[in-house]
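Visitor: Need the 3D shape of this:
(one chain, ligands or ions: 1)
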Amino acid sequence: MIDPVLWKRHGADLLPGSLRLLDQTRLPCELVYVELDDLESIIDAIRRLVVRGAPAIGCAAAYGLAAVCQHSTASAAGAFLAEAEAASGRLAASRPTAVNLRWALERCLSALRPAASAGATVAGLKRLLIETAQGIFEEDLALSRAMGRHGLSLFEGRAGLGVITHCNAGGLATSGYGTALAPIYAAQEAGLAPRVYADETRPLLQGARLTAWELQRAGVEVTVLCDNMAAALMRQERIGFVIVGADRIAANGDTANKIGTYGLAILARHHGVPFYVAAPYSTIDLAIADGGGIPIEERSGEEVTHGFGRQTAPAGVGVWNPAFDVTPSELITGIVTERGTLRAPLGRSIREFMVSAGAGR
Ligand code: MRU
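Guide: The predicted structure is shown next:
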């Protein structure tokens, strides 16, 4: 059975003054929840990927800001706003690539500022933060559902063929249902019995640990492969399409996503396999002209040399560990959004989409 609201039921809840998160670092073996009520522990949870995936980070940051600010002892709206701005700045810096993080926090502050100037009480501002975070969460769920409906058309003429995905862009990475996995869930609901190949996604194995976990729970046929096996798979079996999520899409369509996505896009082009990105408007950053301007997070070398508790490289060896790469727009067949699939020329399609989404910021 499909469980679309995975994140809400198994991911996060806003308790009075604290944030409850499913610890994704413990999946797939343990279902462990953490309750966080202070800024430092919420920042630490985002950095350590307790919660991860661009839209989910945005939701967690908004809920986290709301939770932390419930403890404020400020007596005046101005002082409360200053505290919220400072906390938001700290949260925004926790991970650099996913634009949804900043987008969600900016939306919270944009709700607070006019209310504070209009004479709202501190209690009113605290309530407003909770409502805004809930609004972001609910909107994200609706966007995921819509991406699923639109993405269903990708299966036309390809039903029965395998679909490759990379990293985790499912219910765990959003408020539920997912971006890249949304069309898969929609296909499953439509009785198309999709077959998914999940790249394991080195070094942190989001594909093997998280995508395989949530697809298997939903009854979707899923096969895990190491990242370096995708080329052989494309040669051996006719693959219907590749679909991945995104952490930030520049104005020209260049897309930052989990490291390894770029290589997969090149393989897809070589083998004539369509390559799709799925993302909501909140992942598009019109302020960045092309992928060269997207900040790429570099993570600790230990994730490569000591993954999951075992040393796998000589002590002291140099390591390069970027968490994301950028796939140039010319390798992307289309971007599945909540309003349909954007196609080349992607720059123009993105501009028109953002205007129609009322998000031309
Ligand atoms: O480092 P992560 O696990 O946060 O990276 C996540 C991804 O790259 C996802 O593909 C992306 O955020 C899209 S999630 C809908």
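Visitor: correct me, but residue 196 touches residue 218?
Guide: No: in this structure, residue 196 is not within contact of residue 218 by C-beta atoms under 8 Å, at 10.2 Å. C-beta coordinates here come from the backbone N, C-alpha and C atoms, glycine included.
Visitor: Comparing these two, which shows the higher neighbour count?
Guide: More crowded of residue 196 and residue 218, by other C-beta atoms under 10 Å: residue 196, with 24 against 20.
Visitor: On the strand side of things, show who the more buried one bridges to.
Guide: residue 163, residue 222 (DSSP bridges).
Visitor: contacting residues around it?
Guide: Counting by C-beta atoms under 8 Å, 6 or more residues apart in numbering, residue 196 touches 162-165, 184, 211, 215, 220-223.
Visitor: How about the residue in the chain that the ligand sits nearest to: what's its closest non-neighbour residue?
Guide: Across the chain, no residue is closer to the ligand than residue 245, which sits at 2.7 Å (C-beta to the nearest ligand atom). What sits nearest to residue 245 in space, not counting adjacent residues and going by C-beta to C-beta, 6 or more residues apart in numbering, is residue 169, at 2.7 Å.
Visitor: In terms of helices and strands, where is the one you found?
Guide: Under the criterion DSSP states H and E, no helix or strand holds residue 169.
Visitor: Can you report how many residues neighbour it?
Guide: 34.
Visitor: domain assignment for this structure?
Guide: 5-145, 149-357 (automatic domain parsing).
Visitor: burial count for the closest residue to residue 271 other than its chain neighbours?
Guide: Closest residue to residue 271 apart from its sequence neighbours, by C-beta to C-beta, 6+ apart: residue 234 at 4.1 Å. Using other C-beta under 10 Å, residue 234 is surrounded by 21 other residues.
Visitor: and if you look at residue 119?
Guide: 8.
Visitor: ok, it touching residue 125?
Guide: No: using C-beta under 8 Å, residue 119 is not in contact with residue 125, being 10.7 Å away.
Visitor: which residues are common contacts for those two?
Guide: With C-beta under 8 Å, 6+ apart, residue 119 and residue 125 have common neighbours residue 77.
Visitor: rewinding a little: how close does the residue nearest to residue 245 get to residue 180?
Guide: 4 Å (C-beta to C-beta, to the nearest Å).
Visitor: what is in contact with the two at once?
Guide: 244-245, 278.
Visitor: out of those residues, who's nearest residue 202?
Guide: Checking the shared contacts of residue 169 and residue 180 against residue 202 by C-beta to C-beta gives residue 244 as the nearest, at 15.1 Å.
Visitor: how much space between that closest one and residue 41?
Guide: Taken as C-beta to C-beta, the span from residue 244 to residue 41 is 30 Å.
Visitor: what does residue 169 give?
Guide: Distance from residue 169 to residue 41, by C-beta to C-beta: 26 Å.
Visitor: Where do the strands of this structure begin and end?
Guide: With DSSP state E as the criterion, the chain has strands at 12-15, 18-22, 33-36, 162-165, 195-199, 221-225, 239-244, 248-250, 255-258, 275-278, 284-285, 324-327, 334-337, 340-342.
Visitor: Can you tell me which of these is nearest to residue 133?
Guide: strand 12-15 (6.6 Å).
Visitor: I'd guessed residue 66 sits against residue 127; true?
Guide: No: assessed by C-beta under 8 Å, residue 66 is found out of contact with residue 127, at 9.4 Å.
Visitor: Neighbour count: the two, which is higher?
Guide: Taking other C-beta under 10 Å, residue 66 and residue 127 do not tie; residue 66 has more neighbours (24 against 15).
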